[in-house]
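Trainee: just to be clear, the model below is a prediction. Sequence and coordinates:
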Amino acid sequence: MIINKQSLEEQATDYLREKIVNGEMEQGEKIVESTLAKDLELSRSTVRMALNTLSHEGLVVQKPYAGWHVFMLDEDDLWELYNLRVALESQAAAMAAEKASEQDKKALSELFQEYCDLCASAPDDIQAISQADFKLHRKIIEVSCSKRMEKAYGEIANQLLSYLSMTHIDYDLSQSALSHKPMIDAICNGNAELAWQEAKANITPVTPLCESIKNNQA
């Protein structure tokens, strides 16, 4: 017998978070508490607590007189997330190049290889590839040995996952992992300056991203 120690609120939060991050619930989509409670066979108070948790993560918003909605990234949001990624991920790559132990380098290389294997075996699975992409960057943040940077990155983690999914909309996913190779090599070789440059170069600029999204919506 498997005992689930999570509370109903935590289970509801995890369920909704996954659906939002994976794009199963569209940005801007209205969430009706009563309908959601009925679908999940939970009380409205439990659903409301889950939604409140997700609002603190930036995944849902509560609009006056309009209720709950899935968050929506406009061009200003994308610009801000792009610059946050550049600031955090580029600096983390440089710090990782300086701080990484041999064990860290091995773990990064293994994670990168898993990413490559996924791109080769499932080049059309945008959600899995986005998750692998994020997992690799989060590992680099961890290897940077900065708890403050980890905390800052964690605060925007879920929105970054949605951002990463958007960057993969109009892209050859089979090459997604390989585009990270110069950065991983620079970190493993201890070249902080090159790691910074390659990390920045790996982030899709916001203007092409917005154009790509508009083209796909059209």
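Mentor: Received the coordinates, thanks. Numbers count the residues shown, from 1 in each chain.
Trainee: can we go C-alpha only for contacts and neighbour counts from here?
Mentor: OK.
Trainee: quick check: can you list the domain ranges of the chain?
Mentor: 8-70, 75-213 (the TED database).
Trainee: so how far is the last one off the chain centroid?
Mentor: Same thing as domain 75-213. 9 Å (CA atoms, centre = their mean, to the nearest Å).
Trainee: sorry, back to before: export the domains of the chain to CSV and tack on mean pLDDT and mean neighbour count?
Mentor: Formatted as CSV, the domains of the chain follow (pLDDT from 0 to 100; neighbours: other CA atoms under 10 Å):
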stretch, mean pLDDT, mean neighbour count
domain 8-70, 88, 16
domain 75-213, 88, 19
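Trainee: surely E193 and A94 touch.
Mentor: Yes: with contact defined as CA atoms under 8 Å, E193 reaches A94; the gap is 6.2 Å.
Trainee: show me the helices in the chain, by range?
Mentor: Counting by DSSP state H, the chain has helices at residues 8-21, 33-40, 44-56, 75-85, 91-99, 102-121, 126-143, 147-155, 157-167, 181-188, 192-201, 206-217.
Trainee: and those helices as CSV, adding distance to Q175?
Mentor: Converted to CSV, the helices of the chain look like this (distance: least, CA to CA, whole Å):
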stretch, distance to Q175
helix 8-21, 22
helix 33-40, 38
helix 44-56, 33
helix 75-85, 20
helix 91-99, 20
helix 102-121, 7
helix 126-143, 10
helix 147-155, 25
helix 157-167, 13
helix 181-188, 10
helix 192-201, 15
helix 206-217, 17
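Trainee: which of those sits closest to L173?
Mentor: helix 102-121 (6.4 Å; CA to CA).
Trainee: spatially central residue for this protein, please.
Mentor: Closest to where the C-alpha atoms of the chain average out (CA atoms, centre = their mean) is L161, at 2.0 Å.
Trainee: just checking, that one touches G23?
Mentor: No: L161 lies out of contact with G23 (CA under 8 Å); the separation is 10.0 Å.
Trainee: now do the contacts for the residue nearest to the centre of the chain.
Mentor: 21, 130-131, 134 (CA atoms under 8 Å, 6 or more residues apart in numbering).
Trainee: of the residues you listed, closest to D172?
Mentor: S130 (12.5 Å).
Trainee: isn't that closest one right up against L164?
Mentor: Yes: the pair S130 / L164 is scored as a contact, 5.8 Å apart, by CA under 8 Å.
Trainee: sorry, back to before: and the helices of the chain: which comes nearest Q27?
Mentor: Using CA to CA, these put helix 8-21 closest to Q27, at 7.9 Å.
Trainee: for A66, which of the helices of the chain is the nearest?
Mentor: Per CA to CA, nearest to A66 of the helices of the chain: helix 33-40, 11.8 Å.
Trainee: so which elements touch that closest one?
Mentor: Secondary-structure packing of helix 33-40 (3 or more CA pairs under 8 Å, 6 or more residues apart in numbering; DSSP states H and E): helix 44-56.
Trainee: any idea how far the helix it packs on is from the chain center?
Mentor: Worked out by CA atoms, centre = their mean, helix 44-56 lies 21 Å from the chain centre.
Trainee: return the alpha-carbon coordinates of stretch 128-141 using PDB.
Mentor: C-alpha atoms of stretch 128-141 as PDB (Å, rounded to 0.1, in the frame of the first residue of the first chain):
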ATOM      1  CA  ALA A 128       9.900  16.900 -22.100                       C
ATOM      2  CA  ILE A 129      12.600  18.800 -23.900                       C
ATOM      3  CA  SER A 130      11.700  22.100 -22.200                       C
ATOM      4  CA  GLN A 131      11.900  20.200 -18.800                       C
ATOM      5  CA  ALA A 132      15.300  18.800 -19.700                       C
ATOM      6  CA  ASP A 133      16.500  22.200 -20.800                       C
ATOM      7  CA  PHE A 134      15.300  23.800 -17.500                       C
ATOM      8  CA  LYS A 135      16.800  20.900 -15.500                       C
ATOM      9  CA  LEU A 136      20.200  21.500 -17.000                       C
ATOM     10  CA  HIS A 137      20.100  25.200 -16.300                       C
ATOM     11  CA  ARG A 138      18.900  24.600 -12.800                       C
ATOM     12  CA  LYS A 139      21.800  22.300 -12.200                       C
ATOM     13  CA  ILE A 140      24.200  25.000 -13.400                       C
ATOM     14  CA  ILE A 141      22.600  27.300 -10.900                       C
END
